[in-house]
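*Asks:* Got a predicted model here, sequence first, then my questions.
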Amino acid sequence: MINLGRKTTIMEIDAGKALGAVAVVLIHVSAYTMANIKIFDFTYKIALILNQIARFSVPLFVLLSGVGLGLSYKKDDGYLKFYKKRLSKLVPEYIIWGIIYLVIINKNYNYNLWPNLFLKGDKIFYHLYFMPMIIKLYIIFPVLYIGMKKKAGLFIAFLISVGITTTAHYFNNPNLALDFYSKRNVVFWFFYFVLGVYLTSKLQYYIKKSKKHKKLLGGILLLCTIVILWESFYGLKIGKNLDYCTTFIRPSIILYSIIFTIFVFSLNYNNQILFKLLKNITNNSYIIYLAHPFILYYYMKWFRSLNLKIGSIYFLISAVIFCTIMPIIFAELYKRIKSNIFKVFNN
């Protein structure tokens, strides 16, 4: 989802993007698994655990988007050139996939409503809240860039995001009914983005530093994982609804996501097979994000047509693999077709 704007590859960044892409798929697949099985059944527990472990996904994507912009930004280019370059990579595919969901799945032909739906994203399909949110962050980036690079700016962003997140989770209506508290609100994600921008001033230094404390980070991550799992299971046990107990909008997820990100930086990626696999997923992370719910929608229809259970381990595993691989296959085919068309016209 981010372009470093350089020929050199930072493998830790690519690994984070790849893990984030698979984790997003896992969240949505596990959510459907839980919705189709009795609460606290064995499979339900497995799905819930995986769903919570994968909650680093969107925070990590937002953080790495900040890293990508921070590394490639040139103030001398001016606002208009920046917006044209960045938004042209995001908006067209968002519009294309938005129309696909509206027409094919939602069968919404009321075109007058479409502009408002695109402004909100999740009113088109549940995962598209990310698009208006990240576009807003891209828009404010060059305006607040100088402040984002400073500790004071990072601290202010932390106070804003943590404050609103705490209010949303503990003091708002548990079903997050108010529109202000929807996931598309950029305030919830602002700290992750600013942290990503801030880290670019000494990114290689921070990565090297993290590698020296891999075991410590692993221990802290394990503790954070236990906390968010306990939080979810306990919330469900006392009668809270599933969305409230599993949402990204929790203070504990902020800490968990940051520690997970640092832990990803601390790992080594020397295995060539692993490198190629992660790189392939990374290169197609945007299309995986946009397309996987579409594929999942029809995969579930096919699964049910065979009288197979959605609330099963088999569905959980097979759907994650299928909905990760198929967007990559489509993307690679599209690239080849596009390349061949260009060759024909150039000749």
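*Replies:* Happy to help now that I have it.
*Asks:* Low-confidence stretches in this protein?
*Replies:* 1-8, 76, 172-179, 342-347 (pLDDT under 70).
*Asks:* quick one: the strands in it?
*Replies:* Assigned by DSSP state E, the strands in the chain number zero.
*Asks:* Leaving out sequence neighbours, find the closest residue to the residue most central in space within it.
*Replies:* The centre of the chain sits closest to Val58, judged by Cα atoms, centre = their mean, with a distance of 2.8 Å. Distance criterion Cβ to Cβ, 6 or more residues apart in numbering; nearest residue to Val58, sequence neighbours excluded, is Phe248 at 6.0 Å. All C-beta atoms are positioned from the backbone trio N, CA, C, and that covers glycine.
*Asks:* same thing with Asp77?
*Replies:* Once flanking residues are discounted, Asp77 sits nearest to Lys85: 7.9 Å by Cβ to Cβ, 6+ apart.
*Asks:* measure Lys309 to Ile37 for me?
*Replies:* Counting by Cβ to Cβ, to the nearest Å, the separation of Lys309 from Ile37 is 8 Å.
*Asks:* and the two? which has more neighbours close in?
*Replies:* Legend: neighbour count by other Cβ atoms under 10 Å for Lys309 and Ile37, higher for Ile37 (19 against 14).
*Asks:* The nearest residue to that one once chain neighbours are set aside: what's it in contact with?
*Replies:* Leaving out its chain neighbours, the residue that sits closest to Ile37 by Cβ to Cβ, 6+ apart is Gly311, at 2.9 Å. Applying Cβ atoms under 8 Å, 6 or more residues apart in numbering to Gly311 gives the contacts 33-38, 41, 43-44.
*Asks:* same check, this time on Ile281
*Replies:* Neighbours of Ile281 in contact, by Cβ under 8 Å, 6+ apart: 17-18, 21-22, 288, 324, 328.
*Asks:* from those residues, which is closest to Trp114?
*Replies:* Relative to Trp114, the closest of those is Ile288; by Cβ to Cβ it sits at 24.4 Å.
*Asks:* from memory Cys245 sits against Trp230, does it?
*Replies:* No: contact status for Cys245 versus Trp230: not in contact, 10.9 Å apart, counting by Cβ atoms under 8 Å.
*Asks:* Of the two, give the one with the bigger neighbour count.
*Replies:* Cys245 (20 against 12).
*Asks:* how close does the closest residue in space to that one that isn't next to it in sequence sit to Val162?
*Replies:* In space, Cys245 comes closest to Gly235 once its chain neighbours are excluded; the distance is 3.7 Å by Cβ to Cβ, 6+ apart. Here the criterion is Cβ to Cβ. By it, Gly235 lies 19 Å from Val162.
*Asks:* What degree of burial does the residue nearest to Leu90 when sequence neighbours are not counted show, as a neighbour count?
*Replies:* Spatial nearest neighbour of Leu90, excluding adjacent residues (Cβ to Cβ, 6+ apart): Ile135 at 6.1 Å. Applying other Cβ under 10 Å, we find 17 residues neighbouring Ile135.
*Asks:* can you check Asn307 too?
*Replies:* By other Cβ under 10 Å, the residues close to Asn307 number 6.
*Asks:* Phi and psi next, for it.
*Replies:* Backbone torsions of Asn307, given as degrees, to the nearest 10, read phi 60, psi 30.
*Asks:* Lys301 versus the residue nearest to Ile37, what's the distance?
*Replies:* Remark: distance between Gly311 and Lys301 (Cβ to Cβ) = 16 Å.
*Asks:* Pull the contacting residues for the nearest residue to Glu231 once chain neighbours are set aside.
*Replies:* Counting by Cβ to Cβ, 6+ apart, Glu231 lies nearest to Ser252, which is 5.7 Å off, once chain neighbours are set aside. Counting by Cβ under 8 Å, 6+ apart, Ser252 makes contact with 224, 227-228, 231.
*Asks:* Which single one of those residues is nearest to Val264?
*Replies:* Nearest member of the contacts of Ser252 to Val264, counting by Cβ to Cβ, is Cys224, at 13.6 Å.
*Asks:* Drop anything exposed from the contacts of Gly311.
*Replies:* By neighbour count, with 16 or more other Cβ atoms under 10 Å, the contacts of Gly311 hold 33-34, 36-37, 43-44 as buried.
*Asks:* Now distance to Val264 too, for those, in a markdown table please.
*Replies:* As requested, the buried ones among the contacts of Gly311 are exported to a markdown table (distance: Cβ to Cβ, whole Å):
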| residue | distance to Val264 |
| --- | --- |
| Thr33 | 25 |
| Met34 | 26 |
| Asn36 | 31 |
| Ile37 | 31 |
| Thr43 | 28 |
| Tyr44 | 28 |
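*Asks:* from the residues you listed, which single one is nearest Ile105?
*Replies:* Distances from Ile105 to the buried ones among the contacts of Gly311, taken by Cβ to Cβ, are shortest for Asn36, at 18.7 Å.
*Asks:* Backbone dihedrals for the closest one, both of them.
*Replies:* Backbone torsions of Asn36, given as degrees, to the nearest 10, read phi -120, psi 30.
*Asks:* neighbours of Thr166, just the number please.
*Replies:* By other Cβ under 10 Å, neighbour count at Thr166 equals 15.
*Asks:* Now for the closest residue in space to Ala168 that isn't next to it in sequence, how many residues are close by?
*Replies:* Nearest residue to Ala168, sequence neighbours excluded (Cβ to Cβ, 6+ apart): Tyr181, at 4.5 Å. Applying other Cβ under 10 Å, we find 20 residues neighbouring Tyr181.
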